[in-house]
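# any chance you can model this:
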Amino acid sequence: MEQIMSRRPTPRLGPPRTLASAVVFNGQMWLLGGINVGFATGPNDVWSSTEGTNWTLVTSSAAWVGRAGHKTLVFN
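Coordinates of the predicted model:
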């Protein structure tokens, strides 16, 4: 019997991270900050994706200092 396995592509977000925040706004998912595994400080980058597989680095240096465990919300 042939076994077929499918794998979902891994999103490309740079180094693994934890304690980031994410929101959905204007038809896109947005990922902000967090802590890269193995680093003491968090990045202040922003990533976006329309489908959760292919991610685009919007900025590697947002107007705020690196942070982790923060909250993000959308107010419309």
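
# per-residue confidence averaged over stretch 24-34?
Averaged across stretch 24-34, pLDDT comes to 92.

# end-to-end on it?
Start-to-end span of stretch 24-34 (C-alpha to C-alpha, to the nearest Å) is 17 Å.

# quick check: buried residues in that stretch?
Judged by neighbour count (16 or more other C-beta atoms under 10 Å), stretch 24-34 contains these buried residues: 29-34. All C-beta atoms are positioned from the backbone trio N, CA, C, and that covers glycine.

# in helices, which of those appear?
Using DSSP state H, no member of these falls within helices.

# could you export those as JSON lines, including distance to Thr18?
Formatted as JSON lines, the buried residues of stretch 24-34 follow (distance: C-beta to C-beta, whole Å):
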{"residue": "Met29", "distance to Thr18": "17"}
{"residue": "Trp30", "distance to Thr18": "17"}
{"residue": "Leu31", "distance to Thr18": "12"}
{"residue": "Leu32", "distance to Thr18": "13"}
{"residue": "Gly33", "distance to Thr18": "11"}
{"residue": "Gly34", "distance to Thr18": "6"}
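
# Trp55: which of the residues you listed is nearest?
Leu31 (7.4 Å; C-beta to C-beta).

# pretty sure that closest one sits against Trp47.
Yes - assessed by C-beta atoms under 8 Å, Leu31 is found in contact with Trp47 at 4.4 Å.
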